[in-house]
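Participant: coords please:
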Amino acid sequence: MASIKFTIKRNANKDGKHSIVLVLIKNRRNTSMATNYACDFDAWSFESNTLKTNKKGQELKRITEINNFISKTNLKIEDFIREKRRLNVDFTIKDIANEIKADDITKAPALDYYKFHQEITDEFLNSNKIGTAKIYKETLSSLKKFYTKTELKFQDLNFEFLEKYDSFLRSNNGSDSGISIKMRTIRAVFNNAIKREIISSNTYPFKHYKISALKKEAKREYLTDEELQKLIAKDFSSNKKHQFAKDMYLFSFYCRGMNFIDLLKLNNSNLYDERQSYIRTKTGVHLDFKLRDHSLEILKVYNQKSMNSYLFPLLLDENMTIKKIKNRSHKLLGQINPALKEMMAILKISKHITFYTARHTFATFLKFENIPIDAISEMLGHTDIRTTQAYLNKLPNKKLDKIIDDVFENSKYF
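Facilitator: Sure thing, here's the model as predicted:
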């Protein structure tokens, strides 16, 4: 026995609408298929399994379109089942689903990609994910420079489109890493649209366009033990910019590679019994650890200058929004990173060291001490150990170096 029924999901989507789905049942097994249509809960008739036709004008036109779609699908499945029975051929739910997909009758309406991309960007802004929102905004702006029409349908953003967009970016001096960021952003928008049942998975263009081909192993700079000791030992007190950069770098290193924005936001409530407790801005992970003497010394110097509840005198207004704090962070890093570059030249260290590499230095230090990866992941505030694995794979491995050294030393050829 097989049966089909159109219905709506009980839970509303973000727009307050209820997605219309097709439920297929055979031999007490069932599955549902998204139709990319949605309606108000009260607009659906559970008796007829169609939309109520009590509207006028454009609304009635839309209702008629959806009901015609439902009728067409019902007829198609009935014909399929009737034919299988006539031939005495068994079939599965999957066979019915494939029959529906064959004519792509669940294909999404020609939705505007630009509009949905902007909606996602706004959602990130509203949730104070400023950095992510910035990437989405820049990607959308880039797309509009390439495709200058006012609308871009999801169906038009296909493999060929991506290939041409890739060429456009390269002709404008785009790097593999920059192109990868934009393509991953577009892919995330598509995945979001599919997850929300706004478009069909058949529209997905990344089955053939492979972002992995753009990935380049980024070099993660870090300071070795010897180089770190050079930095610690060098007196930069005669230059305020250099001393500030040194103190911020070392405080991050001593505090498990703390991100600069988290350093800025530290206040009196984050400090107790010489311990530091805070929520990492990027991942929302709670970190709590003992402050070492070196970090306490740095904190003591700067906390004396603070005129409010912040531990460092870097944010003057306690009511700043996340966006303003991130802008302040960007401005201060614009002072710290050039100072670190000058300091590396003074120390004769030929590396591109920025504030963020304090995190790399901390992770490398742990890796060289053979600390278990799950412990490193927890200390770095990662939410997924796979992130830590990818992170550490790009950092040097002394074990492998030792193996090679031993091989060469014991070889008669060297």
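Participant: max-length strand in this protein?
Facilitator: Using DSSP state E to define each element, the chain has its longest strand at strand 29-39.
Participant: partner strands of that one, parallel or antiparallel?
Facilitator: Taking DSSP bridges as the criterion, strand 29-39 forms sheet pairs with strand 18-26 (antiparallel).
Participant: what angle sits between the helix or strand Ile186 falls within and strand 29-39?
Facilitator: In this structure, Ile186 sits in helix 176-195 according to DSSP states H and E. If you take axes from the mean of the first three to the mean of the last three CA atoms, to 10 degrees, helix 176-195 sits at 100 degrees to strand 29-39.
Participant: now for helix 176-195, which elements pack on it?
Facilitator: If you count contacts as 3 or more CB pairs under 8 Å, 6 or more residues apart in numbering; DSSP states H and E, helix 176-195 packs onto helix 113-126, helix 130-146, helix 159-171. In this view, the C-beta of every residue, glycine as well, is placed from N, C-alpha and C.
Participant: who touches that helix?
Facilitator: Under the contact criterion CB atoms under 8 Å, 6 or more residues apart in numbering, helix 176-195 has outside partners 111, 113, 116-117, 120, 135-136, 138-139, 142-143, 154, 157, 162, 166, 169-170, 199-201, 203-206, 209, 211, 214-216, 218.
Participant: how close does Thr150 get to Lys164?
Facilitator: Using CB to CB, to the nearest Å, we find Thr150 at a distance of 19 Å from Lys164.
Participant: The two: which has the busier surroundings?
Facilitator: A direct count of neighbours by other CB atoms under 10 Å for Thr150 and Lys164 places Lys164 higher, at 12 against 8.
Participant: Please read off the pLDDT at the more buried one from the model.
Facilitator: Per-residue pLDDT puts Lys164 at 91.
Participant: Please report how far the closest residue to it other than its chain neighbours lies from Thr139.
Facilitator: Nearest non-adjacent residue to Lys164, counting by CB to CB, 6 or more residues apart in numbering: Phe146, 7.7 Å away. In this view, Phe146 and Thr139 are 11 Å apart by CB to CB.
Participant: residues of the helix or strand that Ser3 is a member of that come out buried?
Facilitator: For Ser3, the host element (DSSP H and E) is strand 2-8. Residues of strand 2-8 classed as buried: Ala2, Ile4, Phe6, Ile8 (neighbour count, 16 or more other CB atoms under 10 Å).
Participant: rewinding a little: more crowded one of Phe146 and Thr139?
Facilitator: Neighbours were counted for Phe146 and for Thr139 using other CB under 10 Å; Thr139 has more, 20 against 15.
Participant: so how far is Thr203 from that one?
Facilitator: For Thr139, the distance to Thr203 - CB to CB - is 18 Å.
Participant: pLDDT below threshold where in the protein?
Facilitator: Flagging of the chain using pLDDT under 70 yields the residue ranges 1, 101-110, 212-219, 391, 393-414.
Participant: Break down it into its strands, ranges please.
Facilitator: Under DSSP E, the chain gives strands at 2-8, 18-26, 29-39, 44-45, 50-51, 271-272, 275-279, 286-290.
Participant: The fourth one pairs with which strands, and in what direction?
Facilitator: In the sheet, strand 44-45 lines up against strand 50-51 (antiparallel) (DSSP bridges).
Participant: Show me what the strand it pairs with is in contact with.
Facilitator: With CB under 8 Å, 6+ apart, strand 50-51 has contacts from Phe6, Cys39, Ala43, Trp44, Ser45, Ile63, Ile66, Asn67, Ile70, Ser71.
Participant: let's go with 6 Å and repeat that
Facilitator: Cys39, Ala43, Ile63, Ile66, Asn67, Ile70 (CB atoms under 6 Å, 6 or more residues apart in numbering).
Participant: go on, stretch 59-75?
Facilitator: By CB under 6 Å, 6+ apart, stretch 59-75 touches Phe6, Tyr37, Thr50, Leu51, Thr53, Lys55, Ile105.
Participant: Mind doing that once more with 7 Å?
Facilitator: Residues from elsewhere that reach stretch 59-75, judged by CB atoms under 7 Å, 6 or more residues apart in numbering: Ile4, Phe6, Leu22, Tyr37, Thr50, Leu51, Thr53, Lys55, Ile100, Ile105.
Participant: what's the neighbour count on the closest residue to the third one other than its chain neighbours?
Facilitator: Right, Leu22. Leaving aside its chain neighbours, Leu22 sits nearest to Met33 (4.6 Å; criterion: CB to CB, 6+ apart). Using other CB under 10 Å, Met33 has 20 neighbouring residues.
Participant: Also Leu263?
Facilitator: 20.
Participant: go on, His382?
Facilitator: Neighbour count of His382, defined by other CB under 10 Å: 20.
Participant: Quick check: the nearest residue to it once chain neighbours are set aside vs Gly257, distance?
Facilitator: In space, and not counting its chain neighbours, His382 is closest to Thr388: 4.9 Å by CB to CB, 6+ apart. The spacing between Thr388 and Gly257, counted by CB to CB, is 12 Å.
Participant: quick one: common contacting residues for these two?
Facilitator: With CB under 7 Å, 6+ apart as the test, Thr388 and Gly257 both reach Leu380.
Participant: And Leu162, how far from Asn192?
Facilitator: With CB to CB as the criterion, Leu162 and Asn192 are 17 Å apart.
Participant: Revised request: answer the last question for Lys324.
Facilitator: Taking CB to CB, one finds Lys324 at 28 Å from Asn192.
Participant: biggest helix in the chain by residues?
Facilitator: In the chain, taking DSSP state H as the definition, the longest helix is helix 57-86.
Participant: And that helix, how far out from the chain middle?
Facilitator: Helix 57-86 has its C-alpha centroid displaced from the chain centroid by 39 Å (CA atoms, centre = their mean, to the nearest Å).
Participant: Pull out the buried positions in that helix.
Facilitator: Ile63, Ile66, Asn67, Phe69, Ile70, Thr73, Asn74, Lys76, Ile77, Phe80, Ile81, Lys84.
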